[in-house]
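build the 3D model from these lines:
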Amino acid sequence: MDTAPEMVFNELAQLATNLLAAPMAAIAFIDENRIWYKARVGLEDESSPREESLCTHTLYSRQLLLIPDTRHDEQFKGHPAVVREPYVRFYAGIPLRAANNQPLGVLCVMDHSPREISDGQMNGLRLIGRQIMLQLEMRLRQIELQQQVMRNQSALNDTKEQLRTAMTGQLNARSEADDTRERFQFLTENSNDLITRHSLDGTFIYLSPAVTHLLGYGEDELLGHSPYEYCHPADLPIMREQFSLTLEQAESTTYTYRFRQQDGNYIWLETITRTILDQTTGEPAELIANSRDVSARVVTEQALRESEARFRRVVDQAADAMFLFAPNGRILDVNQEACHSLGYRRDQLTRMVMADVDHDYDEPRYHAIGELELGDSATFETQLARKNGELFAAEVRIGRLDSGEYLALARDISQRSAEQEAVAATARQFQLLAQNWPDYLRVIDLATMQTRFSNRQEFAGLSSADWHPQQLGSRVHPDDHDAVTAHVARLADGDLGTDMNIIYRVKHPDGHFEWVNERVIPYARNENEQIVEAIILVALVTEQAQLQRQADDSLHRREREVSISRRIALEIARQPNLSELYRNTIDLIKTEFAYYHVQLFGLDSSTDSVQLLYGHGDVGQRMVEMNHTIPVGVGPVGAAAITREAVLLPRLSIAPASPPHPLLSRARGELAVPIMIGNQLLGVLDVLSERDDELSDEDRVAMEAISNQLATAIDSTRLRRELEGQLRELNHLQRLMSREGWESFQQQRRSENLGYYFDRRTVFPMQNGAANGAAPVLPEGNEKMVTQPIAIRGEVVGQLGLQDLEDAPLNEEDRELLSAISQQVAEAMENARLLEQTQKRAVELETVAQVSSATANILESHQLLQAVVDLTRQSFDLYHAHIYLLDMDGRDLVLAAGAGRVGRQMAQEEWRIPLHQPQSLVARAARERKGIIVNDVNKDPTYLPNLLLPDTRSELAVPMIVGTNLIGVLDVQSDALNAFTQDDVKIQSSLANQIAVALQNAFLFEEQLQTADQLREVDRLKSEFLASMSHELRTPLNSIIGFADVLLEGLDGELNPRMEEDVRLIRSSGAHLRDLIGEILDMSKIEAGKMELRYEEVDFPHLAYEVLAGAEKYAVTHEKTHLAIVADLDDDIKFVSCDRTRMVQILNNLVSNAIKFTDDGSVTLKASLVGENMRVSVEDTGIGLSKENAEIVFEQFRQVDVTLTGHGGSTGLGLPITKSLVELHGGEIWVESVLGRGSQFIFTIPLVQPQPEVQ
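Sure thing, here's the model as predicted:
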């Protein structure tokens, strides 16, 4: 790390200053004595002593260190960098730590002024710190790789040098043998290597004797032939490539390949080939090759690779997760179980460190692991983190390998299993696993039952020899002896096909027994697939066995408590009386649980205390008679009442509470449990014991369950009582409704028959029946009759009578049959009445809907009212219906519509009723603003008779009101007495409200029609005025402009400068006024639909440049010569089908408008193709538009406030005309603007003339 500055770290430091907008930042690293800066911004020193650097405070922090103001921080306020240059006031530092959590340095940002930073800036600073560590790790890894490459290169160079020395020696030998070939032949003939010479194309030209001896060929079979003919097809490309490299580079090359022997078998040769140069020309002359038989080495290497692959398969099948990691914590390799348990791929895990997967990573622990000797291990429990963030408990055992790396075995202990699967790969790996196995592990030979290997000499107090099956029998508990003997017999027979797991007890040397769990796992098989060796795993499970026994005891007690609770629940369900329920439940608890005393208290809110409701036995009865009460908050019972939680005091003698009642003097422990429904306290269940520590949490759980049942019973009783009261009230209401319903029903049918008389011949109607179930008067001679009342919900509505026959009098069975028939008749009569009432209401509601539909579709008031009264009379089967409306003065009600011929006649005669006339139901309903019913008009003094309606017997009048305004009155009449009820008032009121709203809508519609006619007339007059005035004004204006031009041209003589300026002003003002009149005339044409376009093919770029040329003159006229007026047109823009004149008008309006509101910058005309449309925009850098002004800019006669813009106004028609002309071309226009930055007006038009729509 102590290297020259690097760009990437400088950029990260600069990024930190930009993130916090601070002037100083540094990436600092540490050594023993100093802190030096790998990158720095705004700092001059390259390093500083550790004790003088601000970064020292951050080194050993695990999180961001933030000092908003160093002057107020105890650690920083006296620091030299704070009190002197660079006067640091703000400091933020991130510690940089290696994968093993070793501190490496600091990323810090500083400022000369105090400040605060946001959460986002803090997160960004943390991200930069992680990027720095990634860069450091990449460089460290690169250094490691470079060192490894250098080591490999050094080894390769040594090998090359040796080969070069050997080859040089051979070549020198050949050179020295130029005069005598004996020395060369001696070397080659006595060498075990295969020495051959080749021509440049590879052909053999010389063979040493070892060649023919090893390969089995004669010289004539090889000389003149190419080695390519004998090379294995798969290795041929390698040989060709190496020959070529030797010739090209003139250096030796080494390669391995297979060469075919004379017998057809292949051997592996390792060959060194070198080029021999011609001494005169320096060009390659031939090749010499030195080959060696390496078949044995290749086979060994292949065996090693296969062994490694087998080891990998075994490791990947292991049940425990395995991690091979370097001393710095970097994970080097993992097995499949590690990937499966953590959810990562192998390539992801090998890019991580152990701190990434060990959630409870502890630096001192891993530092201690680094001190392990070869073969030692360390075991600990931790939490491993899966990829999805889930944590699980694991037991991790880490051992050191002879390579200096570490192997970690992680076992999931979140669900402990008695089974432990040993990972058997190689002998050394199995040795490591066995030595670190937490329990007793041994491998036995099933034939001899001898232990081949064990991981410890002593377990559970027994030596390894004691665990031999022949010695173990004397140590096994007598109750387990037979099971263990059978287990050993199965083991000796090799019968391991089924579960070989047994739990038994062995005697410890000190005399007590330990529970062990022994599991047998097949380990090795012979060639017949018979199991010959097995792994026996023995684990101590004494604690688990004790817990299981306690669990069994607790389960037995719980079953007993559940049985008692079930009996109590049955008692609660059977006993509706609370006093009996209290007595039975308390006595049952006392008897079954054998407590000293049990009692029940109820809450008395008025005295803020709990009062004894029931206590067991005579003592409890005496305490109840004494009105025993306990204030809330006093003693265990009072504490349970105030805290709403159970109070358990196993020993009252040491509890700071009030002593028990004198009648309960033998009490030694107490348990008080509140009885609650939701958050409401009902009482307290109190139990006492007469021995210390007799009450426990199990009693508390049982009593809480019973108190919940009591609370449910008390609440259920309360609800049952409330339900019974509501049921009685409901029955009373039903009887009342039945009585009123039948009274109304009978009133409406007084003129009808109220019953029938049957004899054996025919049926006679009874016209003298009495209402309300009174006995009817029977025909003479039939007075003796047995009667049965017809009752509906307790209300008698009639009678059913049966007369005895002299020869067959009624018996008791006949009377019961008569009673049953009367009940069926009652139900049938009630159903018939309800059906008739429902059908009537359905017809009435349907009528209201029809009237509503009619009012919604008719907007003419008279037609509306007439339709409503006719429909109302017909649908409700009324004698008459009419509607009165309140006149404008609010004094009289005028008949607006009446049903039928009589109603129309009365409406034509404009019948009126004064609003304050006392003798009128219609006027009374209007005054009181509520529905008025008179079911017998002849008896009502306020009824106003009408000679045209002589048969009126009942009348109903309801007001028509909208909001608070009275509109009129709906009046309906019937020719029957008692025709209307309050239900009719509701229906007719709803109908009247709908009529009132519809009538008001009709009035408004008629007013709108009148207003629309007036507006059309005004618009016509405006158009005529504009057309006339435009013509009248244009004629004198053209004359003024023409005469001004004559004067300016000097046709009538020369003008002095002042006169010329005046004439120019006259001409400019006239032209401006003519343009304004032209805009008004164009707008009137557009509104009248008389604006027609003359389409032609227009060269748009040429037209655009013409417009911009005129715009430049316009800018000069308005003294804006400094503005840049430019065009940006796509090359694809050529011809466009449009009205040339109107297109020029559009562009002139937009460009001149942009120039007018732009003081500095530019105005740009852009055009591009967008599909089948042309997109044109005029963009300026002017004052821009606010959101409010942008919304109204295309409206007629609307302008941006000139007092705010400082620019002169106009008619406000330029942009509306532009918008209309664009839309006439089939396009659209809009504006995009930012106030103070400029505006962009954009429009699109089709490239070709749009076809007119077919109507």
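
what's the pLDDT at L818?
On the pLDDT scale, L818 is placed at 75.

how many other residues sit next to it?
Using other CB atoms under 10 Å, L818 has 16 other residues around it. C-betas here are computed from N, CA, C, even on glycine.

cool, P660 as well?
Neighbour tally, P660, other CB under 10 Å: 18.

which stretch of helix or strand covers the nearest residue to it once chain neighbours are set aside?
Using CB to CB, 6 or more residues apart in numbering and skipping the chain neighbours, the partner closest in space to P660 is A667 (4.2 Å). Using DSSP states H and E, A667 is not contained in any helix or strand.

and A667, what's its pLDDT?
So, for A667, pLDDT stands at 90.

give the contact list for it.
A667 sits next to Y596, H597, L652, P660, L688, S689, E690 when contact means CB atoms under 8 Å, 6 or more residues apart in numbering.

give me phi/psi at the first one?
Right, Y596. phi -70, psi -50 (degrees, to the nearest 10).

that one against S689, yeah?
Yes: with contacts counted by CB atoms under 8 Å, Y596 reaches S689, the gap being 5.2 Å.

looking at these two, which one has more neighbours?
Per other CB under 10 Å, whichever of Y596 and S689 has more neighbours is S689, with 25 against 20.

confidence score at the closest residue to E221 other than its chain neighbours?
Sequence neighbours aside, Q262 is the residue nearest to E221 in space, at 7.5 Å (criterion: CB to CB, 6+ apart). pLDDT, Q262: 91.

helix, strand or coil: sort out Q262 for me.
coil (DSSP: H, G, I helix; E, B strand; the rest coil).

who are the contact partners of it?
In this structure, Q262 makes contact with L215, G216, Y217, E221, judged by CB under 8 Å, 6+ apart.

in this structure the second one contacts D263, no?
Right, the one you point to is G216. Yes: using CB under 8 Å, G216 is in contact with D263, at 6.0 Å.

these two - which one has more neighbours?
G216 (14 against 7).

which residues are in contact with the more buried one?
Q261, Q262, D263.

follow-up on the earlier one: mind giving me the PyMOL select for the contacts of Q262, buried ones only?
In PyMOL, this line selects whichever of these come out buried by 16 or more other CB atoms under 10 Å:
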select buried, resi 215+217
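
could the contacts of Q262 go into CSV alongside distance to Q621, pLDDT and secondary structure?
CSV is the format used below for the contacts of Q262 (distance: CB to CB, whole Å; pLDDT from 0 to 100; DSSP: H, G, I helix; E, B strand; the rest coil):
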residue, distance to Q621, pLDDT, secondary structure
L215, 119, 89, helix
G216, 120, 90, coil
Y217, 123, 92, coil
E221, 127, 89, helix
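
and of the contacts of G216, the nearest to P86?
For those, the residue nearest P86 by CB to CB is Q261; the value is 81.0 Å.

show me the contacts for that closest one.
L214, L215, G216, Y217, I267 are the contacts of Q261 under CB under 8 Å, 6+ apart.

need the three-state assignment for the residue most central in space within the chain.
Centroid-nearest residue in the chain, with CA atoms, centre = their mean: N388, separated by 16.1 Å. Three-state assignment for N388 (three-state DSSP): coil.

so who does it touch?
Per CB under 8 Å, 6+ apart, neighbours of N388: G343.

quick check, H57 in a helix?
Yes: assessed with three-state DSSP, H57 lies in a helix.

so where do the strands sit in the stretch 901-1050 of the chain?
With DSSP state E, counting those that start in this stretch as the criterion, the stretch 901-1050 of the chain has strands at 912-914, 932-934, 954-962, 965-974.

the first one pairs with which strands, and in what direction?
Under the criterion DSSP bridges, strand 912-914 sits next to strand 892-898 (antiparallel) in its sheet.

got a list of contacts for the strand it pairs with?
Here strand 892-898 has contacts from 862, 865-866, 868-869, 880-887, 903-907, 910-915, 922-923, 926, 968-969, using CB under 8 Å, 6+ apart.

tell me the buried residues within these.
Those of the contacts of strand 892-898 that meet the buried threshold are 865-866, 868-869, 880-886, 903-904, 906-907, 911, 913, 915, 922-923, 926, 968-969, by 16+ other CB under 10 Å.

in helices, which of those fall?
The helices, defined by DSSP state H, take in L865, Q866, V868, V869, G903, R904, M906, A907, V922, A923, A926 from the buried ones among the contacts of strand 892-898.

out of these, who's nearest L245?
V868 (109.9 Å).

test my guess that the closest one contacts A992.
No: at 9.8 Å, V868 does not count as touching A992 under the criterion of CB under 8 Å.

before we move on, the earlier item: let me have the strands of the stretch 901-1050 of the chain in CSV, extended by distance to D45.
Putting the strands of the stretch 901-1050 of the chain into CSV (distance: least, CB to CB, whole Å) gives the following:
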stretch, distance to D45
strand 912-914, 108
strand 932-934, 103
strand 954-962, 88
strand 965-974, 89
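
for P23, which of these is the nearest?
Closest among the strands of the stretch 901-1050 of the chain, using CB to CB: strand 954-962, at 74.1 Å.

in its sheet, what does that closest one sit against?
Strand 954-962 sits in its sheet next to strand 932-934 (antiparallel), strand 965-974 (antiparallel), going by DSSP bridges.

most packed of these?
strand 965-974 (a mean of 23; mean count of other CB atoms under 10 Å).

coming back round to it: what's the closest of the contacts of Q262 to T58?
Closest approach between those and T58, by CB to CB: L215, at 72.0 Å.

tell me if I'm right that the closest one and D263 touch.
No: in this structure, L215 is not within contact of D263 by CB under 8 Å, at 9.5 Å.

E270 - how many residues pack around it?
17.

torsion angles phi and psi at it?
phi -110, psi 120.

from here on, count from 55
Fine by me, first position is 55 from now on; the one you just mentioned is E324.

which parts of stretch 389-399 are buried?
Applying 16+ other CB under 10 Å to stretch 389-399 flags N389, Q390, E391, A392, C393, S395, L396, Y398 as buried.
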